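**Student:** Prediction below, plus the sequence it came from.
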Amino acid sequence: MKFPIYLDNHSTTPMDPRVLESMLPYFTEKFGNSASRNHAFGWEAEEGVDAARKQIAKLIHADAKEIVFTSGATESDNLALKGVVEMYHEKGDHIITSSTEHRAILDTAKTLEAKRGVKVTYLPVDKFGMVNPEDVRKAITDKTILISIMFANNEIGTLNPVKEIGKIAKEKGILFHCDATQGVGKVPVDVQEMGIDLMSFTAHKIYGPKGVGALYVRKKNPRVRIAAQIDGGGHERGMRSGTLPVPLIVGFGKACELCEQEMAAEGERLLVMRDRLHANISKALEDVYLNGHPTQRLPNNLNISFAYVEGESLLMGCKEIALSSGSACTSATLEPSYVLRALGVGAELAHSSIRFGLGRFTLDEEVDYAGKRIIETVTKLREMSPLYEMAKEGIDLKSVQWAAH
Amino acid sequence: MAYSEKVVDHFNNPRNMGSFKKEEDGVGTGIVGAPECGDVMKLQIKVQNDMIVDAKFKTFGCGSAIASSSLATEWLKGKTVEEAGKIKNTEIVQELNLPPVKIHCSVLAEDAIKAALADYKKKEDGKETIK
């Protein structure tokens, strides 16, 4: 086994060597600008881009012409929200989203509220982190121009009922944007069947390169229009100017092709490993709580709170494993995960949460080792925890008058 | 963020981790912090003839919080009650090389020391009145 072990695949993924191989010629030999129409270098680059566009479109059941390249999912989210608000401001000024979206959506929505007077409804989620489609329906007004709900949550892996939401959006004639950064390439995503009009996703979460993403923009039924947020040479049908990063796009295409071919088998393998990790931990330790949905979740995601142990100290205790925590101490804000808080998870358990993100290159023995080390470290830290001691003495921690600081 | 060597050392080899019986004679207990804030420290001192002869801690919190309380117990041992009251959080920051975001861990440790001393004094004063 090689150390450190990487179990943070929701954050980013290593590039698949097959992806790297597909990219290499486009750095040196086929270096042309895909917008150069008058010579072979440009044509060659354009062919690379066109092929990638097809590979990407195929994975999400879209048409190649509906793919707009961006620098990543954050830009795609910005472009979708800001682009729709600017284009359709005469139709209305109301957006519906949810409280557990990624910051790229929430912060963009906040900016639109502050700078453009847009009204935003942040829908609550249930205790598993799921948006109720009926809540979406009830939030719709005659001023609603966009519904933006994520496909899968980046912390807890909960899958939203996207198809139901898409159906409601269609019924009401409102555009539906989906941030599918964590879903694409992991589980089947079909923009036709799911009624998605705009969709953000990125290459580096699916074993492709960092620095390239896409916004799917529906071309018919309805034809979606967005106002460009970056002006220039009119690339990407005028929606996103800037010379295309051809090698990255070629890699993105290859990454999508591999996902399309291997997703089903990979998903099954990850699910078995993930469930074994969960079972091992639950068997060995008391007072562990699963965050997120028990079944409607990404196959590679496990998010657990270990009562009486603070998350950052747990990560520090097994630092040969790369993991992530919802503890405030791992962020700059001093607030624990807003996603877990939105589920109704208490602040103390949010501080105690650990996210495991398995991936294509995760090995069985790595997962088993990680489980063993987590169990050891939790046991050690509980011995050190005054909360565990109090709980063992039968003191109800909720009844204690804590001096909050 | 990388931890300082001293924080890592205290985290991996905590000094004086454990508990005294609260009701034991000469024992002062301070519990500060709150679970929802992500850190709770329990610091205990054992005093004989105005001298702290032993100290113990238990901490729920990040590595820096654990290290701060572990260090505090080391410093408390051998000090008089009066000397112990003069330990400042800034000294802990310096010793452990804590970054600005972790200063609150040292503040909590200072609070825990003060709370343990106050508890000890309260118990002693209680004895006086009984006499």
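**Tutor:** That came through, no problem. Numbering: from 1, shown residues only, chains lettered A, B, ... in the order given.
**Student:** Check the secondary structure at residue B:52 for me.
**Tutor:** Recorded secondary structure, residue B:52: strand (DSSP: H, G, I helix; E, B strand; the rest coil).
**Student:** surely it meets residue B:85?
**Tutor:** No: counting by C-beta atoms under 8 Å, residue B:52 does not reach residue B:85; the two are 10.8 Å apart. C-betas here are computed from N, CA, C, even on glycine.
**Student:** Point out where chain B drops to low pLDDT.
**Tutor:** By pLDDT under 70, the low-scoring segments of chain B are B:1, B:130-131.
**Student:** Would you mind finding the longest helix in it?
**Tutor:** helix B:103-130 (DSSP state H).
**Student:** That helix vs chain A: in contact?
**Tutor:** Yes: contact of helix B:103-130 with chain A (C-beta under 8 Å from any C-beta of the partner chain) involves B:104, B:107, B:108, B:111.
**Student:** Can you check those residues and name whichever has the most neighbours?
**Tutor:** residue B:108 (27 neighbours; other C-beta atoms under 10 Å in any protein chain shown).
**Student:** one step back: in the longest helix of chain B, what's buried?
**Tutor:** Neighbour counts over helix B:103-130 (16 or more other C-beta atoms under 10 Å in any protein chain shown) mark B:103-117, B:119-120, B:123 as buried.
**Student:** again with stretch A:85-103
**Tutor:** Buried residues in stretch A:85-103 (16+ other C-beta under 10 Å): A:85, A:87-88, A:91-102.
**Student:** residue in the stretch 101-250 of chain A nearest to chain B?
**Tutor:** residue A:155 (16.7 Å; C-beta to the nearest C-beta).
**Student:** can you confirm that residue is in a helix?
**Tutor:** No: applying three-state DSSP, one finds residue A:155 to be coil, outside a helix.
**Student:** Identify the residues contacting it.
**Tutor:** A:10, A:100, A:291, A:292, A:303, A:326, A:337, A:339, A:340, A:355 (C-beta atoms under 8 Å, 6 or more residues apart in numbering or on different chains).
**Student:** Which ones among those residues lie within helices?
**Tutor:** Per DSSP H, the subset of the contacts of residue A:155 in helices is A:339, A:340.
**Student:** quick one: which of the contacts of residue A:155 is nearest to chain B?
**Tutor:** Closest approach to chain B among the contacts of residue A:155 (C-beta to the nearest C-beta): residue A:326, at 10.3 Å.
**Student:** and residue 48, how many residues sit next to it?
**Tutor:** Picked chain A for this. Applying other C-beta under 10 Å, we find 23 other residues in the vicinity of residue A:48.
**Student:** not what I meant, chain B
**Tutor:** Neighbour count for residue B:48, taken as other C-beta under 10 Å: 10.
**Student:** Go ahead and confirm it touches residue B:25.
**Tutor:** No: Residue B:48 is beyond contact range of residue B:25, at 9.2 Å (criterion: C-beta under 8 Å).
**Student:** Now do the shared contacts for the two.
**Tutor:** Residues touching both residue B:48 and residue B:25 (C-beta under 8 Å, 6+ apart): none.
**Student:** ok, residue B:112 - contacts?
**Tutor:** By C-beta under 8 Å, 6+ apart, the neighbours of residue B:112 are B:30, B:31, B:32, B:41, B:42, B:43, B:57, B:69, B:72.
**Student:** near chain A, which residues of chain B show up?
**Tutor:** B:3, B:8, B:11, B:14, B:17, B:19, B:31-42, B:58-63, B:65-66, B:101, B:104, B:107-108, B:111.
**Student:** Which of these fall within helices?
**Tutor:** Going by DSSP H, the helices hold B:8, B:11, B:63, B:65, B:66, B:104, B:107, B:108, B:111 from the residues of chain B next to chain A.
**Student:** coming back round to it: using pLDDT, spot the least trustworthy of the contacts of residue A:155.
**Tutor:** Within the contacts of residue A:155, residue A:326 has the lowest pLDDT, namely 86.
**Student:** For the stretch 201-350 of chain A, which segments count as strands?
**Tutor:** A:213-217, A:288-290, A:301-306, A:321-322, A:324-325 (DSSP state E, counting those that start in this stretch).
**Student:** what residue lies at the spatial centre of chain A?
**Tutor:** residue A:182 (3.3 Å; C-alpha atoms, centre = their mean).
**Student:** I'd guess that one is in a helix, am I close?
**Tutor:** No: counting by three-state DSSP, residue A:182 is not part of a helix but coil.
**Student:** Does it touch residue A:156 like I think?
**Tutor:** No: taking contacts as C-beta under 8 Å, residue A:182 lies outside contact range of residue A:156: 10.2 Å.
**Student:** what's the distance between residue A:60 and chain B?
**Tutor:** Per C-beta to the nearest C-beta, to the nearest Å, residue A:60 is found 37 Å from chain B.
**Student:** On the pLDDT front, check that residue for me.
**Tutor:** Among the per-residue scores, residue A:60 holds a pLDDT of 98.
**Student:** tell me the contacts of it?
**Tutor:** Taking C-beta under 8 Å, 6+ apart, we find residue A:60 in contact with A:180, A:184, A:189, A:190, A:191, A:199, A:201, A:216.
**Student:** so where is chain A shaky, pLDDT-wise?
**Tutor:** Filtered on pLDDT under 70, chain A yields the residue ranges A:328-334, A:404-405.
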